[in-house]
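Novice: Make a model of this:
(one chain, ligands or ions: 1)
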Amino acid sequence: MKIFYNALSNLHLTKYGIEIPLSDDRDGKIFEFLENEGIPVIQNFSESIELKKEDLARVHNEEFLSALYGSKESLLKAIMDTFELVDEKGNYHRYNPQKAQAPLEEMFQSFLLKTKGTMATVQEALNSGEAFFLGGGYHHAMSFGGRGFCLINDIVIAARWAQKNLNTKLVWVIDVDAHKGDGTAELTHNDPTIKTLSIHMKDGWPLDSEKLDKEGKLNPWFIESDVEIGIPQGEEGEYLKKLGEGLSKLSSLSQEKPDLAIIVQGSDPYEKDQLPSSSLLKLTKEEMLERDMLVYNFLKERDIPQAYVISGGYGEFVYEIYCQFLKKVHNL
Ligand SMILES: [Zn+2]
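Specialist: Below is the predicted model:
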């Protein structure tokens, strides 16, 4: 399995003055592990992939694109909204510009570079059957803006780019992050060419939001994936069984076999993940490996190309989840 990584695209939030108490060098730690194990990693993918505004326009709406590509102020506002850096009273929230070593607007370039990584991984999966990206998986970004630490939705951007350029018709997105893949669901629920599965904590996400808006319309972050599996707190024992059933259900949704599956392999369901908002789902390290091998083998047996992005996972220990999976698929 070819693995892609670019240290420059690492989203070290503390670098931008965003104050988060958790270790944010997960990707670097996985890279170090792979080097020590002698597993090769491709680092120069960005030159070979062209990412244009029109690729984003297949996913995000015009107003959001004008903010991203408009003035410095409009871009900053889009980023601040995504990371919720300003509270209701207009004060900075978990953000201290004085501690920043890099301007916040640079983060857009970092997201673009990450998205190129997802695209390179998709391209490689289509060529050779499987590929893994140490990055990506911004599944909360919606058509109209970024949300939940995700500025743009690299998953849907890469899927639609492959559909446009790489002879790809049906795409599956299999999202096993602890949080619901709400942005991906919002972006694709009217699109018969992208079928989605999300297995996640039943409660606790989205944070602080009513299901219906003031006009009685469903808030978009509650739109369901094609196969939506919420695991209630304390019912982790059912997780693997429900994931297996979900994969079968995903298969039964269309007659034809997909040309590609993108796996959003969040490690935040791991019991040692340290983010409070993912604490309602706690799988052991062994269960995490079973989860990942269940998806891997399901796709492999059906000869469906698989492209991995790593998505959420917080604190010191989550990198181990990717290491054990990559070790296993490399037969080490
Ligand atoms: Zn997550």
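Novice: in the stretch 201-332 of the chain, which spans are strands?
Specialist: 227-231, 260-264, 306-309 (DSSP state E, counting those that start in this stretch).
Novice: Next, the contact list for the spatially closest residue to Trp205 that is not a sequence neighbour, please.
Specialist: Excluding the flanking residues, the one nearest Trp205 by C-beta to C-beta, 6 or more residues apart in numbering is His179, at 4.7 Å. Quick note: C-beta positions are derived from backbone N, CA and C, even for glycine. By C-beta atoms under 8 Å, 6 or more residues apart in numbering, the contact list for His179 reads His139, His140, Gly148, His200, Met201, Trp205, Gly266, Asp268, Ser277, Ser278, Gly312.
Novice: And His179, how close does it get to Val264?
Specialist: Between His179 and Val264 the computed distance is 10 Å (C-beta to C-beta, to the nearest Å).
Novice: for Ile199, same thing?
Specialist: Applying C-beta to C-beta, the value for Ile199 to Val264 is 10 Å.
Novice: Which residues are in contact with each of those two?
Specialist: Asp175, Val176.
Novice: Quick one: mean pLDDT over stretch 195-213.
Specialist: Mean per-residue pLDDT for stretch 195-213: 89.
Novice: can I get the CA coordinates of that stretch in PDB?
Specialist: Taking Å, rounded to 0.1, in the frame of the first residue of the first chain, the C-alpha atoms of stretch 195-213 are listed here in PDB:
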ATOM      1  CA  LYS A 195     -23.000   6.700  -1.400                       C
ATOM      2  CA  THR A 196     -22.000   7.300   2.200                       C
ATOM      3  CA  LEU A 197     -21.800   5.300   5.400                       C
ATOM      4  CA  SER A 198     -21.100   6.900   8.700                       C
ATOM      5  CA  ILE A 199     -20.800   5.000  12.000                       C
ATOM      6  CA  HIS A 200     -20.300   7.300  15.000                       C
ATOM      7  CA  MET A 201     -21.400   8.300  18.500                       C
ATOM      8  CA  LYS A 202     -25.100   8.500  18.500                       C
ATOM      9  CA  ASP A 203     -25.200  11.600  20.800                       C
ATOM     10  CA  GLY A 204     -22.900  14.500  21.500                       C
ATOM     11  CA  TRP A 205     -22.500  15.700  18.000                       C
ATOM     12  CA  PRO A 206     -23.300  18.100  16.500                       C
ATOM     13  CA  LEU A 207     -22.600  20.200  19.600                       C
ATOM     14  CA  ASP A 208     -25.000  22.800  20.900                       C
ATOM     15  CA  SER A 209     -27.600  22.700  18.100                       C
ATOM     16  CA  GLU A 210     -31.300  22.100  17.800                       C
ATOM     17  CA  LYS A 211     -32.400  19.600  15.100                       C
ATOM     18  CA  LEU A 212     -34.700  22.200  13.500                       C
ATOM     19  CA  ASP A 213     -34.000  25.800  12.700                       C
END
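Novice: Return the set of buried residues in that stretch.
Specialist: Burial within stretch 195-213, assessed by neighbour count using 16 or more other C-beta atoms under 10 Å, is assigned to Lys195, Thr196, Leu197, Ser198, Ile199, His200, Met201, Gly204, Trp205, Pro206.
Novice: same check, this time on stretch 121-129
Specialist: When burial is assessed from 16+ other C-beta under 10 Å, stretch 121-129 yields the following buried residues: Thr121, Val122, Gln123, Glu124, Ala125, Leu126.
Novice: try stretch 219-226
Specialist: Neighbour-count burial for stretch 219-226 flags Pro220, Trp221, Ile223, Ser225, Asp226 (criterion: 16+ other C-beta under 10 Å).
Novice: what about it, distance to the chain center?
Specialist: Between the mean C-alpha location of stretch 219-226 and the chain-wide mean there is a distance of 16 Å, by C-alpha atoms, centre = their mean, to the nearest Å.
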